[in-house]
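S.K.: model this:
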Amino acid sequence: MQISRPELAAPRPVPRTRPLPEGMILALPAGLALNLGVGVLVLGQGTGALVAGGAYLAGAVLVCVAMRKHYPHTRLGACNAVTLMRLALTAALIAPLVGGQAAGWAVAAIATISLTLDGVDGYLARRSGLCSDFGGRFDMEVDAALALVLALHALSGSPVGFEVLILGVMRYLFVGAGLIWPWIMAPLPVSYWRKGVCVLQLATLIALQIPLMPQDLGIMLARVASVALIWSFARDVVWLGRNR
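M.R.: Below you'll find the model as predicted:
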C-alpha cells in the first residue's frame, strides 16, 4: 500500500521591499546641507546644529525605511523632496533649543517658510501624479514634529505656560491611544475643518515665537488654538468609534 506524504505547508510570503525612489539619494544630502546651513549660518549654533543634524538624519532613515515598504512610485518627485526639506527645516529648529536660545524672529521665520511649503508639496504631488498615502502621512508627521518643536520653543521663550504643550503633543497622544485601541488608527475622511485647525495650530505656535507678542494676547491665542485642537481630535475619535 502506498503511503501518501503529508503536503508541506506553503512558506509564508516574505514582505517585499522596493528600492529607494529615483532622486532620494540626492535629496538626502541636500536636506542635510540645508539643515546644517540653517543651524549654523541663520541660527548661529554650533553644537546645537550638530544635534539638529543628527535629528534630521534619524528622521531621514525612518523615511527611507517607510518608503521602501509603502511608497508606490519609482520617482521621489518634487513633492516629496519639498516635504524632506521641511523635515530638514523642522530639525534645524532643535539647534537653538540645545543652545538655550528659544523662540525669536529667526525661529518664527524658518517655521513660516516650512508652513508655507506645506501647501506646495500637495500641489506638486497632484500636478505630477505622485499622490500616495505615504506622501500624505509623511506630510502629516512633519507637521506634527514642527508643532512639537515650536511648542517647546514657546514653553521656553514665551509667557505661555505648560498648557502650550497641548499644541505639540496631541498627535502623539492620538497615536499612543491607537496602540491601545487599534480602531483609532483607521483611515479618516478628508476634512477641511481638520486642515483648518492644523493651520490655526501652527500659525499660533509661530506667532508665539515673536518677541513683540503681548503676554495676554499670546496666552489667549494659545488657549483658543488648544481648545480647537482638542475639539478636532475629539470629533475624529467620535467618528472613528461610530464607524469601527
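
S.K.: Relative to residue 19, how far out is residue 27?
M.R.: 15 Å (C-beta to C-beta, to the nearest Å). Backbone N, C-alpha and C define where each C-beta goes, glycine included.

S.K.: To clarify, my last question referred to residue 122.
M.R.: For residue 122, the distance to residue 19 equals 25 Å [C-beta to C-beta].

S.K.: Give me the more crowded residue out of the two.
M.R.: The residue with more neighbours, out of residue 122 and residue 19, is residue 122; 16 against 9, by other C-beta atoms under 10 Å.

S.K.: chain center to the lengthiest helix in the chain, what's the gap?
M.R.: Longest helix in the chain, counting residues (DSSP state H): helix 215-242. Centre-to-centre, helix 215-242 and its host chain are 18 Å apart (C-alpha atoms, centre = their mean, to the nearest Å).

S.K.: Isn't residue 106 up against residue 43?
M.R.: Yes. Using C-beta atoms under 8 Å, residue 106 makes contact with residue 43 at a distance of 5.7 Å.

S.K.: Mind checking which of the two has more residues around it?
M.R.: Under the neighbour definition other C-beta under 10 Å, residue 106 and residue 43 were set side by side, and residue 43 has more, 22 against 16.

S.K.: Kindly list the main-chain dihedrals of that one?
M.R.: The phi and psi values for residue 43, taken as degrees, to the nearest 10, are phi -90, psi -10.

S.K.: Please, which helix or strand holds the residue positioned nearest the centre of the chain?
M.R.: Centroid-nearest residue in the chain, with C-alpha atoms, centre = their mean: residue 142, separated by 1.6 Å. Using DSSP states H and E, residue 142 falls within helix 133-157.

S.K.: Show me which residues of that helix are buried.
M.R.: Residues of helix 133-157 classed as buried under the neighbour-count rule (16 or more other C-beta atoms under 10 Å) are 134-135, 138-139, 141-155, 157.

S.K.: quick one on the thing from earlier: mind listing the shared neighbours of residue 106 and residue 43?
M.R.: Common contact partners of residue 106 and residue 43 (C-beta atoms under 8 Å, 6 or more residues apart in numbering): residue 96.

S.K.: doesn't residue 82 make contact with residue 121?
M.R.: Yes. In this structure, residue 121 is within contact of residue 82 by C-beta under 8 Å, at 4.3 Å.

S.K.: higher neighbour count, those two?
M.R.: Shown here are residue 121 and residue 82; by other C-beta under 10 Å, residue 121 has more neighbours (25 against 20).

S.K.: Can you tell me the SS state at the more buried one?
M.R.: Classification of residue 121 by DSSP: H, G, I helix; E, B strand; the rest coil places it in helix.

S.K.: Would you agree residue 78 is in contact with residue 129?
M.R.: No. With contact defined as C-beta under 8 Å, residue 78 does not count as touching residue 129 (11.9 Å).

S.K.: who's more crowded, these two?
M.R.: Neighbours per residue (other C-beta under 10 Å) separate residue 78 from residue 129, with residue 78 holding more: 18 against 9.

S.K.: Would you enumerate the residues in contact with the more buried one?
M.R.: Contacts of residue 78 (C-beta under 8 Å, 6+ apart): 124, 128.
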